[in-house]
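In: Next one to model:
(chains A, B, C and D)
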Protein chains: 2
Amino acid sequence: MENGGERLRWGVRRRLEFIDFRLFWDGRFNRSDLSAAFAISAQQASADIAQYEKIASANLRYDRTEKAYIRTEAFAPAFIGETIERYLLQLVAIENRWMRPEDTWFDAIPPVEVITLGRRPTDPTVLLRVLDAIGKRQEIDIGYASLTGSVQPSRTIAPHALAHSAGRWYVRSWSKDHDDFRDYNLNRIATVSDHRPATIDPTLDFEWVHKINLDIRPNPELSTERQAAVAAEHGMTDGRLLRPCRLSLSFYLMSEYNLDVEPGVLKPEKQQIVLENRDEVTQARALSRQMSIEALARAASAASS
Amino acid sequence: MENGGERLRWGVRRRLEFIDFRLFWDGRFNRSDLSAAFAISAQQASADIAQYEKIASANLRYDRTEKAYIRTEAFAPAFIGETIERYLLQLVAIENRWMRPEDTWFDAIPPVEVITLGRRPTDPTVLLRVLDAIGKRQEIDIGYASLTGSVQPSRTIAPHALAHSAGRWYVRSWSKDHDDFRDYNLNRIATVSDHRPATIDPTLDFEWVHKINLDIRPNPELSTERQAAVAAEHGMTDGRLLRPCRLSLSFYLMSEYNLDVEPGVLKPEKQQIVLENRDEVTQARALSRQMSIEALARAASAASS
DNA sequence: CTATCGCGTCCATTTACTTGACGCGATACT
DNA sequence: AGTATCGCGTCAAGTAAATGGACGCGATAG
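Out: Next comes the predicted model:
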């Protein structure tokens, strides 16, 4: 039941996947659902259903009074397999208005509540230009939505990587105005105007290049029982979790889990994990940052001489 | 250039979308890319490319030395349109190992770094049983991974909704053991064994049913300038944001943004927004919870008499 | 300067899919 | 009752999609 035939044409396979999908999420589907979703004739839909029945006959039965195919108790996904997370993400995207329900296979959207403060959707053109600049090592002029709302006149940046944390997208870039490396919020870049070959070397971004192991442990102020629970939840071994992490990104992870707050300030429930080597991390970050700035200054003076 | 012909067969349309996709993300693609991705012949791939050129000729040109179709400056997505977020989410999913790269259209995964502590992937069977129970108003017996690692013997719950917050999935349910409504972490439900018609009324879950407006403002301890910035970032009007929210979910939102911390405890940068009506919210939540418990008790005694 | 590779295009053939028509069982209408 | 309707399944004939095979072309590698 697990493997859903390899020798099917791509299109047919997608339609059998659709059947699998609807059986999974709704427990039922129609011949007309199938023909509507793929704009195929009823006859073809019938043929596809017959095919699906050949492969996974135990998964469904037709109910004449319901006028629909109903999932059986024995149902086991034959096509969508382990890709459930994908659809869960789609639900989140739909609720956030990043995706239209028509672009998914959902019929009735399950009763899902997504709770977040949201963010601006990403502008395709901006993303494209940024990706290009990263791939081709270009510097670009961007219109950056200053946090006060107005769009600042162009700043020049040379982006070299994209990062995602806590639902936000960041562009790791060299900044011409400041002559150092910084993070720009992707969704705040309003426009990308010009592009030229980049002049700086992204490997000088030590804060990005260098990684460090975050030494994460349950908050010792929690009860022993609760500490064990936290350890289990994060898959710790021997009560600690070593999470390798770029220095510049450690900031976001620390921020997300309140690892950047002095122990004792927050109630332990608000700070279930703590960062054992917090000082080491912040110092390494500051040091790398300083080294980058100096390296950039040296590179600039070498170029001008 | 915007609309990409409606009268194409579904399969062909997907392949033109693929061309659009690869042009967008990689700036280039091959005939062999196309035939490999969809398991079609080279001839058919050629035909598809010709079709794409007919619709959006300005988007690409063939480079003989590169042996590939290259995106032009004038490129404007003709098929993938505004659904960029979808692919950004796929990148996150890939990095989190929730999705395999083969299940997406990405060739070279863009240099994306996803920073999170991760979570267990969702078990399809568990999700299916839970969704069923929600849709058919059933109560189920679950094996819940106690936080200490061991799987607790079965508890009975009657789930009635799914919620997502800060990357985690919750199942809002009535709990038989406690005779009240609680949240269960979906990824900690290890097994779902039996199911029976539910005996309780989910509308008694007042903490879920009742909504409240979270009155969110920039932290007044920030500089005026920075406050304006925060206001802009969250799309506030007149310096405040009213976010309607189920009482039970307000907990997660407050937790995510440190709205549940007393003002003054954290540095303002760690608490850029504050909840003006925090007391109102916590009181309303406690009250609703109490009302639910009493209503459930009344219902139980009425049923036994 | 020949071997190789990827593209484009001609052809005949196979397969997928459509349009059209008909019967069957379950529900809804009068 | 009877009859209209709807969704399913299927047979048959026609069309569009896709394949396998063959050939020429330009660019690159040895």
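
In: pull the CA atoms of stretch A:182-199 into PDB?
Out: C-alpha atoms of stretch A:182-199 as PDB (Å, rounded to 0.1, in the frame of the first residue of the first chain):
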ATOM      1  CA  ARG A 182      24.500  44.000   8.400                       C
ATOM      2  CA  ASP A 183      21.100  42.300   8.200                       C
ATOM      3  CA  TYR A 184      18.400  43.900   6.100                       C
ATOM      4  CA  ASN A 185      14.800  42.800   6.500                       C
ATOM      5  CA  LEU A 186      13.800  41.400   3.100                       C
ATOM      6  CA  ASN A 187      10.200  42.600   3.500                       C
ATOM      7  CA  ARG A 188      11.300  46.100   4.100                       C
ATOM      8  CA  ILE A 189      13.200  46.400   0.800                       C
ATOM      9  CA  ALA A 190      10.800  48.400  -1.300                       C
ATOM     10  CA  THR A 191      12.800  48.700  -4.500                       C
ATOM     11  CA  VAL A 192      16.000  47.500  -6.100                       C
ATOM     12  CA  SER A 193      17.300  49.900  -8.700                       C
ATOM     13  CA  ASP A 194      20.800  49.400 -10.100                       C
ATOM     14  CA  HIS A 195      23.400  46.700 -10.000                       C
ATOM     15  CA  ARG A 196      27.200  46.600 -10.400                       C
ATOM     16  CA  PRO A 197      29.800  44.000  -9.800                       C
ATOM     17  CA  ALA A 198      30.500  43.800  -6.000                       C
ATOM     18  CA  THR A 199      33.800  45.200  -4.800                       C
END
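
In: How about residues contacting that stretch?
Out: Here stretch A:182-199 makes contact (CB atoms under 8 Å, 6 or more residues apart in numbering or on different chains) with A:119-123, A:125-127, A:129-130, A:132-133, A:137-145, A:147, A:151, A:154, A:157-159, A:162-163, A:168-175, A:248, A:303, B:233. C-beta here means a position set from N, CA and C on the backbone, and glycine is covered the same way.

In: can we see that at 7 Å?
Out: A:119-120, A:122, A:126, A:129-130, A:133, A:137-145, A:151, A:154, A:157-158, A:168-173, A:175, A:248 (CB atoms under 7 Å, 6 or more residues apart in numbering or on different chains).

In: from those, which ones fall inside helices?
Out: Of the contacts of stretch A:182-199, the ones assigned to helices by DSSP state H are A:V126, A:R129, A:V130, A:A133, A:S248.

In: Quick one, which of the contacts of stretch A:182-199 are buried?
Out: A:119, A:122, A:126, A:129-130, A:133, A:138-145, A:157-158, A:169-173, A:175, A:248 (16 or more other CB atoms under 10 Å in any protein chain shown).

In: give me the beta-bridge partners of the closest residue in space to A:L249 that isn't next to it in sequence?
Out: With CB to CB, 6 or more residues apart in numbering or on different chains as the measure, B:I115 is the residue that lies nearest to A:L249, at 4.6 Å, once sequence neighbours are left out. The partner list for B:I115 in beta bridges (DSSP bridges) reads A:S165.

In: Repeat that for A:R61.
Out: For A:R61, the beta-bridge assignment (DSSP bridges) gives partners A:I70.

In: pretty sure it is in contact with A:R71, am I right?
Out: No: using CB atoms under 7 Å, A:R61 is not in contact with A:R71, being 8.5 Å away.

In: Those two: which has the busier surroundings?
Out: A:R71 (20 against 11; other CB atoms under 10 Å in any protein chain shown).

In: Please report how far the more buried one lies from B:R13.
Out: 29 Å (CB to CB, to the nearest Å).

In: repeat for A:I40
Out: 12 Å.

In: Run through the neighbouring helices and strands of whichever helix in chain A runs longest.
Out: With residue count as the measure and DSSP H as the assignment, chain A has helix A:278-304 as its longest helix. Using 3 or more CB pairs under 7 Å, 6 or more residues apart in numbering or on different chains; DSSP states H and E, the elements in contact with helix A:278-304 are strand A:180-185, helix A:206-209, strand A:211-218, helix A:247-256.

In: how deep is A:K211 tucked in, by neighbour count?
Out: Around A:K211 there are 13 residues (other CB under 10 Å).

In: Among the buried ones among the contacts of stretch A:182-199, which ones are in strands?
Out: A:138-144, A:157-158, A:169-173, A:175 (DSSP state E).

In: could you list every residue that touches A:G235?
Out: By CB under 7 Å, 6+ apart, the contact set of A:G235 is A:L241.

In: ok but it is inside a strand, no?
Out: No: counting by DSSP: H, G, I helix; E, B strand; the rest coil, A:G235 falls outside a strand, being coil.

In: ok, and what's touching stretch A:131-142?
Out: Against stretch A:131-142 from outside (CB under 7 Å, 6+ apart): A:129, A:154-162, A:189, A:191-199, B:25, B:27, B:110-111.
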